[in-house]
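Visitor: sharing a model that was predicted from the sequence below.
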Amino acid sequence: MSQPCAARPSASARPMHRAAPVTSATRRTGGRQGLEAERWPVDDGSLIYNAAMKPNSAQPDSLPVPDDIAFAHSRALAQRIAEEIAAAGGWLPFDRYMELALYAPALGYYSGGSVKFGRGPDDGSDFVTAPELSPLFAQVFARPVADVLDATGTRHVVEFGAGTGKFAAGLLRKLDTLGVGCARYTIVELSGELRERQRAILVQTAPELAACVEWVDAMPPRVDGVIVGNEVLDAMPVRLFARLGGLWHERGVAVADASRFVFADRPLAAAAVPAALASVPGQHDYVTETHDAAAAFVHTVCSVLCHGAAMFVDYGFPGAEYYHPQRSDGTLMCHYRHRAHGDPFLYPGLQDITAHVQFSAIGQAAHDAGAHLLGYTSQARFLVNAGMTDALAQLDPADPARFLPAANAVQKLLSEAEMGELFKVIAFRRGFDAALGAFERGDRSHML
């Protein structure tokens with residue numbers, strides 16, 4: 001066996017408005033958007049913040065109400081979480097709550113079998129990703145993947161967060177067209193339901209190439225080739241922190257009135273405050289996240305990568321922008337039926353919980369694992385560099401039934417007001433030294 005090298009309304013593309021780039025000098029002075037903080041005394045000196053929208057018992061008017069079966073599913077997960085909170089002494093770090101809400105076996109959002117990815121609310125989905133918007137995304141992404149495979153002489157692709165399988169199918173077809181046939185395509189997927197959806201899509205849309213696809217439920221011990229992950233890092237649990245009255249607290253979860261989840265904050269000793277937070281200017285109340293799980297994941301990915309590249313697409317900011325003093329509400333958001341809101345305690349197991357990616361921390365994790373930065377830029381610049389406008393130009397405008405939907409999707413992928421600016425692409429290399437054309441213009445590596 002190979003040994004590892006030495007040292008994740010209209011259709012909404014997540015997110016929707018919570019963490020837009022800071023453009024105003026005006027800031028809020030406390031509390032998360034949509035939640036009204038209220039202090040509850042408890043024996044250990046923590047502060048409990050009770051959500052005014054009453055999690056688990058009411059919902060914003062704009063959100064549809066789940067059916068009885070879905071409610072029962074959510075109640076079962078809530079009970080599971082409540083039991084763990086009790087076993088932990090009444091307080092659970094938020095990252096553990098988020099892990100259970102998203103990944104608890106058979107009950108979590110990503111393991112419970114519900115539809116996540118789709119084109120709009122009518123299909124029961126909660127959000128749309130780039131591969132669902134347009135097949136051109138995977139086709140264009142295949143070009144830099146092919147460049148790495150050619151430069152390294154490898155023919156192995158590993159994908160995390162394969163969703164419905166449309167990205168894999170489109171990537172395989174385009175690689176074959178480019179003459180860079182993929183001998184082995186590995187999808188790392190824990191969800192049995194998603195595996196079956198991916199398999200069906202591949203058999204339906206790329207039957208001649210499906211035989212090279214394999215599914216595994218753990219990180220391969222060694223990778224020579226390309227690792228890709230689209231909207232993987234944002235779904236990894238984050239730690240929550242709150243600066244209150246000038247002092248930092250870790251924000252966790254407790255149970256109030258024996259039935260409702262609420263935020264509970266524990267003071268941190270100065271030595272326990274993460275370095276990234278200690279440098280946030282000002283003394284005003286401030287809520288934010290750190291991305292320990294995502295950083296650990298990228299470190300592991302870059303450790304098993306021996307000869308090739310790892311590429312990640314996600315929404316987020318470099319550290320200086322992420323921890324800007326005006327971003328005082330943090331970036332935590334939830335998505336349910338293509339609607340975004342700020343209550344992570346609403347419908348546990350039925351809604352997505354996400355946070356923007358802090359790309360400086362991701363870059364540092366890769367560096368610590370021995371990888372080198374290939375590039376960091378906006379999704380729009382990456383796709384244009386890789387040939388998106390040329391790909392669209394190959395479609396016939398005289399065929400409006402095909403051309404207009406494709407043009408609309410490309411506009412969404414590239415527009416600064418949509419996904420083009422907020423979404424970024426970051427890539428790392430090991431075992432080879434070559435530039436990547438997709439980062440040739442507009443590289444922002446200096447901002448990390």
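Guide: On my side now, so go ahead. Numbering: from 1, shown residues only.

Visitor: now do the end-to-end distance for stretch 374-394.
Guide: 29 Å (C-alpha to C-alpha, to the nearest Å).

Visitor: just the buried positions in it, please.
Guide: Counting neighbours by 16 or more other C-beta atoms under 10 Å, one finds that the buried residues in stretch 374-394 are 374-388, 391-392. Backbone N, C-alpha and C define where each C-beta goes, glycine included.

Visitor: with stretch 417-429 instead?
Guide: Taking 16+ other C-beta under 10 Å as the basis for neighbour counts, the residues of stretch 417-429 that come out buried are 418-429.

Visitor: now, those residues that are in helices?
Guide: Applying DSSP state H to the buried residues of stretch 417-429, no entry is found in helices.

Visitor: between the residues you listed, which is closest to V216?
Guide: Of all the buried residues of stretch 417-429, the one sitting nearest V216 is F428; the distance, using C-beta to C-beta, is 21.2 Å.

Visitor: give me the neighbour count for the nearest residue to the closest one once chain neighbours are set aside.
Guide: With C-beta to C-beta, 6 or more residues apart in numbering as the criterion, F428 has its nearest non-adjacent residue at 4.0 Å, and that residue is A371. Using other C-beta atoms under 10 Å as the criterion, A371 is surrounded by 25 other residues.

Visitor: ok, now L448?
Guide: Other residues within reach of L448 by the criterion other C-beta under 10 Å amount to 17.

Visitor: please tell me how far it sits from P237.
Guide: When C-beta to C-beta, to the nearest Å is applied, the distance between L448 and P237 equals 22 Å.

Visitor: same question, R266
Guide: Taking C-beta to C-beta as the measure, R266 falls 17 Å from P237.

Visitor: more neighbours, the two?
Guide: Summary of the neighbour comparison: R266 and P237, criterion other C-beta under 10 Å, with P237 having more neighbours (24 against 16).

Visitor: max-length helix in this protein?
Guide: The helix that spans the most residues within the chain, counting by DSSP H, is helix 68-87.

Visitor: show me the contact partners of that helix.
Guide: 56, 66, 91-92, 96-97, 100-101, 104, 107-108, 112, 114, 253-255, 261, 347-350 (C-beta atoms under 8 Å, 6 or more residues apart in numbering).

Visitor: in strands, which of those fall?
Guide: Secondary structure assignment by DSSP state E places 92, 253-255, 261 of the contacts of helix 68-87 in strands.

Visitor: tell me the contacts of the residue nearest to the spatial centre of the chain?
Guide: Note on the chain: the residue nearest the mean C-alpha position is D234, at 2.2 Å, using C-alpha atoms, centre = their mean. When the contact criterion is C-beta under 8 Å, 6+ apart, the partners of D234 are 14, 314-316, 354-357.

Visitor: assumed it was part of a helix.
Guide: Yes - with DSSP: H, G, I helix; E, B strand; the rest coil as the criterion, D234 is assigned to a helix.

Visitor: returning to what we had before: buried set for the longest helix of the chain?
Guide: For helix 68-87, a neighbour-count test (16+ other C-beta under 10 Å) marks 73-74, 77-78, 80-82, 85 as buried.

Visitor: next, the most far-flung residue of the chain relative to its centre: secondary structure please.
Guide: Counting by C-alpha atoms, centre = their mean, the extreme residue of the chain relative to its mean C-alpha position is A398, 37.4 Å from that point. Following three-state DSSP, A398 is assigned to coil.

Visitor: so R430 makes contact with H372?
Guide: Yes - under the criterion of C-beta atoms under 8 Å, R430 lies in contact with H372, with a separation of 7.0 Å.

Visitor: who's more crowded, these two?
Guide: Neighbour tally, R430 and H372, criterion other C-beta under 10 Å: the higher count belongs to R430, 22 against 15.

Visitor: which strand residues bridge the more buried one?
Guide: Following DSSP bridges, R430 is listed with bridge partners G308.

Visitor: residues in contact with it?
Guide: So R430 contacts 5, 302, 305-309, 370-372 (C-beta under 8 Å, 6+ apart).

Visitor: who wins for neighbours among the residues you listed?
Guide: When neighbours are taken as other C-beta under 10 Å, the top entry among the contacts of R430 is A309 (31 neighbours).

Visitor: I'd like the distance between that one and G112.
Guide: A309 sits 33 Å away from G112, taking C-beta to C-beta as the criterion.

Visitor: tell me the bridge partners for the residue nearest to T154 when sequence neighbours are not counted.
Guide: In space, and not counting its chain neighbours, T154 is closest to G225: 4.2 Å by C-beta to C-beta, 6+ apart. In this entry, G225 is beta-bridged to G308, by DSSP bridges.

Visitor: tell me the contacts of G225?
Guide: 148-149, 152, 154-158, 184, 307-308.

Visitor: one more: A427?
Guide: Residues in contact with A427, defined by C-beta under 8 Å, 6+ apart, are 144, 309-312, 373-376, 436, 439.

Visitor: now these in a markdown table, with secondary structure, distance to F167 and pLDDT?
Guide: Conversion of those to a markdown table gives the following (DSSP: H, G, I helix; E, B strand; the rest coil; distance: C-beta to C-beta, whole Å; pLDDT from 0 to 100):
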| residue | secondary structure | distance to F167 | pLDDT |
| --- | --- | --- | --- |
| P144 | helix | 14 | 98 |
| A309 | strand | 16 | 99 |
| A310 | strand | 16 | 99 |
| M311 | strand | 12 | 99 |
| F312 | strand | 13 | 99 |
| L373 | strand | 23 | 99 |
| L374 | strand | 20 | 98 |
| G375 | strand | 20 | 99 |
| Y376 | strand | 21 | 99 |
| L436 | coil | 19 | 97 |
| F439 | helix | 20 | 98 |
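
Visitor: and of these, the nearest to D343?
Guide: Using C-beta to C-beta, F312 is the member of the contacts of A427 that lies nearest D343, at 27.7 Å.

Visitor: residues contacting that closest one?
Guide: Contacts for F312 were tallied using C-beta under 8 Å, 6+ apart; they are 228-230, 232-233, 298, 362, 425-427.

Visitor: what about these, which one has the most neighbours?
Guide: Highest neighbour count within the contacts of F312: V298, with 32 neighbours (other C-beta under 10 Å).

Visitor: from F312, how far off is that residue?
Guide: Spatial separation of V298 from F312 under the definition C-beta to C-beta is 8 Å.

Visitor: same question for D329.
Guide: From D329 over to F312 the distance is 25 Å, taken as C-beta to C-beta.

Visitor: circling back: who wins on neighbours among the ones in strands among the contacts of helix 68-87?
Guide: Counting neighbours by other C-beta under 10 Å, V253 comes out on top of these with 27 neighbours.

Visitor: show the pLDDT at the spatially closest residue to that one that is not a sequence neighbour.
Guide: Leaving out its chain neighbours, the residue that sits closest to V253 by C-beta to C-beta, 6+ apart is Y97, at 4.4 Å. Model confidence at Y97, expressed as pLDDT, equals 99.
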